[in-house]
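Student: Sharing a model that was predicted from the sequence below.
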Amino acid sequence: MPLTHINSTPSGQFPAKKAGNIHKIPASWRVAKNLAPSINTIKSTSTCLLSLDMGEPILAKPQSLNALRDTIKERLHSHHDESAAQGIAVYGFAAQQLNNCHYLYSTKPRKAITTISNFNTKLDLVKETFNYQLSHRNYIYQLLFRQVDNFIDALYENKPKHYLYVGNKNLAPYLHAWKEYLNKSSHKTDLFKYIHSKEISIEEKNKVIKKLIIKNTSSSVDSQELYDFITKNNIINCTSLTDFKKKITELKNNKNVDLDNYIIGLFELVQNHFFRNTSKLGLDFFNENAFSIVMTWNDAKNAPLSLADIRQKTFKQGYHRLFDGQSHIEPITFSEIRHLDKHSEQFAHKIIRIITDDKHVAFSLGLEGHWGIYDKAEFLSEAN
């Protein structure tokens, strides 16, 4: 994986835009809209674990490999409490996440397998994607208002709009609990409530907004111009998503305000903040409910992730993260991993890292444990 490049910039200012920036989030980085166990064919990965430089220690002694294999099997197949319907929550980049869900299903674990996207989808929380250049502005407004309404329903309505069906009866109680969890955590996912819940000065809040813009908008958005628009039109004074919706309606009807040029940036800012934080909240939720956390440890190009790179918060220096010389929005997966890293004691003995190729699977305990590479068949049901 290419090393992250960080540039310096004067405090409180956005860096100048650079040539060569991409204009939309790569499709493979989007959070999966739903867990899809019914998929018949999933594309084979190009990763070859036996020849891959993992960048971390790999177990070689049979005794150590056997011990790790047995621990992984125990995590996948045993309950701490035999009466509890505990599960496995799989995280990671979308395509790789689905590959690993597919493989874990094939091992026929005694625990239900899910993703936070699966839970969110049942609550009508699906990340909207569209072609920024080709989409009509009225269509973008419709998507924004619909999405904000969905966020408000999830965060502030006590009862779901419709019957919640998760597909697996063992997961049904957790889906209702997740809805309640979101209700109690609106100060983290509602962008405006998040900002105004901080007991800090106006100057500090302005700095927070600048970091959030860099973190949650793509390089096609001029960060400084969006920030200036937000402050000039008092959008920063909104205290909730409900206020934001009213404000956008007001600005849309004001012929003296050029909202069209900023609506995509506002959409990205609100939406990506929401899903970034529901993903992190999901980790806490699954942990509190005794789920194992399986973190897919390869990126959209199947290269192993680097914890050292992920720990670098380029958005705090005013820059997007660079991959192959191109600017990208900060991956939500990186925020998830930093959350696990920051609260490592809380997630002790809960995290399993995984990478798969056509024939092999690599497992590691925790975020920095040694890797063990195995034939996939060693974990299949007939091998148990």
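Tutor: Cool, the structure landed.
Student: Need the nearest residue in space to the residue positioned nearest the centre of the chain, chain neighbours excluded.
Tutor: Residue closest to the mean C-alpha point of the chain, counted by C-alpha atoms, centre = their mean, is residue 332 at 3.4 Å. Excluding the flanking residues, the one nearest residue 332 by C-beta to C-beta, 6 or more residues apart in numbering is residue 276, at 5.0 Å. Where you see a C-beta, it was placed from the backbone N, CA and C, and this is true even at glycine.
Student: Then residue 313?
Tutor: residue 338 (7.8 Å).
Student: and the one you found, what helix or strand is that in?
Tutor: Secondary structure from DSSP states H and E places residue 338 in helix 332-342.
Student: Just the buried residues of that helix, please?
Tutor: 332, 333, 334, 335, 336, 337, 338, 339, 340, 341 (16 or more other C-beta atoms under 10 Å).
Student: How about residues contacting it?
Tutor: 31, 91-93, 272, 275-276, 279-280, 283, 293, 295-296, 305, 307, 310-311, 313, 321, 347, 351, 367 (C-beta atoms under 8 Å, 6 or more residues apart in numbering).
Student: Next step: these restricted to strands.
Tutor: 91, 293, 295, 296, 321, 351 (DSSP state E).
Student: what's the angle from the lengthiest helix in the chain to helix 332-342?
Tutor: Across the chain, the longest stretch assigned as helix under DSSP state H is helix 263-288. In terms of direction (axes from the mean of the first three to the mean of the last three C-alpha atoms, to 10 degrees), helix 263-288 departs from helix 332-342 by 40 degrees.
Student: Send me the helix holding residue 338 as CSV with only the CA atoms.
Tutor: Provided in CSV are the C-alpha atoms of helix 332-342 (Å, rounded to 0.1, in the frame of the first residue of the first chain):
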residue,chain,number,x,y,z
ILE,A,332,-14.6,5.1,6.7
THR,A,333,-12.8,1.8,7.3
PHE,A,334,-9.8,3.8,8.5
SER,A,335,-12.0,5.6,11.0
GLU,A,336,-13.3,2.2,12.2
ILE,A,337,-9.8,0.9,12.7
ARG,A,338,-8.6,4.0,14.6
HIS,A,339,-11.6,3.6,16.9
LEU,A,340,-10.6,0.0,17.7
ASP,A,341,-7.0,1.2,18.1
LYS,A,342,-7.9,4.1,20.4
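Student: quick one on the thing from earlier: mind picking the two most distant members of the buried residues of helix 332-342?
Tutor: Taking C-beta to C-beta, the two most distant members of the buried residues of helix 332-342 are 332 and 341; they sit 14.9 Å apart.
Student: circling back to that earlier point, per-residue confidence averaged over the helix holding residue 338?
Tutor: Average pLDDT, helix 332-342: 97.
Student: Okay, now the unreliable bits of the chain?
Tutor: When residues are selected by pLDDT under 70, those of the chain lie in 1-47, 78-85, 132-134, 158-167, 381-384.
Student: Which stretches in this structure count as helices?
Tutor: 62-77, 94-106, 116-122, 137-156, 172-184, 186-189, 191-196, 202-216, 223-232, 241-252, 263-288, 307-310, 332-342.
Student: mind checking how far the last one is from the chain centre?
Tutor: With C-alpha atoms, centre = their mean, to the nearest Å as the basis, the distance from the averaged C-alpha position of helix 332-342 to the chain average is 9 Å.
Student: With stretch 319-327 instead?
Tutor: 18 Å.
Student: That stretch: end-to-end distance?
Tutor: Stretch 319-327 has an end-to-end distance of 8 Å (C-alpha to C-alpha, to the nearest Å).
Student: what do you get for stretch 295-310?
Tutor: In terms of C-alpha to C-alpha, the two terminal residues of stretch 295-310 are separated by 14 Å.
Student: Tell me the buried residues in it?
Tutor: For stretch 295-310, by 16+ other C-beta under 10 Å, it's 295-307, 309-310.
Student: Then stretch 246-257?
Tutor: 247, 248, 251, 252.
Student: Then stretch 355-372?
Tutor: So stretch 355-372, judged by 16+ other C-beta under 10 Å, has buried residues 355-357, 360-367, 369-372.
Student: Relative to residue 99, which of these is nearest.
Tutor: Nearest to residue 99 among the buried residues of stretch 355-372, with distances taken as C-beta to C-beta, is residue 356, at 6.0 Å.
Student: For the closest one, which non-adjacent residue is spatially closest?
Tutor: residue 103 (5.3 Å).
Student: distance of the one you found from residue 378?
Tutor: Applying C-beta to C-beta, to the nearest Å, the value for residue 103 to residue 378 is 12 Å.
Student: Check residue 249 too.
Tutor: Residue 249 is 58 Å from residue 378, by C-beta to C-beta.
Student: And residue 149, by the same measure?
Tutor: From residue 149 to residue 378 the distance is 48 Å (C-beta to C-beta).
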